[in-house]
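J.: everything below, folded, please.
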Amino acid sequence: MRSAGQVVFVSRNEGMIVVHHDDGYAVVELIGDEGSFSVGDRLEGDWDALGGEPLFADGETLDAYFQGSWGSRDAAVQIARNTGGG
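T.: A predicted model of the protein is given here:
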């Protein structure tokens, strides 16, 4: 189910983000040239999804790959760093 979230981590290559949402922290890979995000940006998505799902930002629909959701910010950031380049 689509809900709001806020970016709390962006990898150095800007290909992975961690989004804080009501139920925890989602690790999301941005597919292709899907723009860039900064810490604090507001997004919408289905944070419980796994695999390819749309991500919504500023009225645009973006391609993303949802890696999963964790209860801890530190755990989600570690997954994003290990998966997508720090």
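J.: correct me if wrong: A4 contacts L43.
T.: Yes. A4 lies in contact with L43 (Cβ atoms under 8 Å); the separation is 7.4 Å. All C-beta atoms are positioned from the backbone trio N, CA, C, and that covers glycine.
J.: looking only at neighbour counts, state which of these two leads.
T.: Set side by side, A4 and L43 show more neighbours around L43, with 22 against 14, by other Cβ atoms under 10 Å.
J.: now the more buried one: how far from Y25?
T.: 13 Å (Cβ to Cβ, to the nearest Å).
J.: any common contacting residues for these two?
T.: V19 (Cβ atoms under 8 Å, 6 or more residues apart in numbering).
J.: in the protein, where is pLDDT below threshold?
T.: Counting by pLDDT under 70, the chain contains low-confidence ranges at 33-35, 84-86.
J.: for it, what's the longest strand?
T.: Taking DSSP state E as the criterion, the chain has its longest strand at strand 60-70.
J.: can you list the residues that contact it?
T.: Contacts of strand 60-70 (Cβ under 8 Å, 6+ apart): 21, 23-32, 34-35, 45-56, 76, 79-80, 83.
J.: and that strand, C-alpha only, in CSV?
T.: Taking Å, rounded to 0.1, in the frame of the first residue of the first chain, the C-alpha atoms of strand 60-70 are listed here in CSV:
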residue,chain,number,x,y,z
GLU,A,60,6.6,11.9,-11.1
THR,A,61,6.6,8.1,-11.2
LEU,A,62,10.1,6.6,-11.0
ASP,A,63,11.4,3.1,-11.6
ALA,A,64,12.8,1.5,-8.5
TYR,A,65,13.7,-1.9,-7.0
PHE,A,66,12.7,-2.4,-3.4
GLN,A,67,15.2,-4.4,-1.5
GLY,A,68,13.1,-4.8,1.7
SER,A,69,12.3,-3.0,4.9
TRP,A,70,14.1,-3.1,8.3
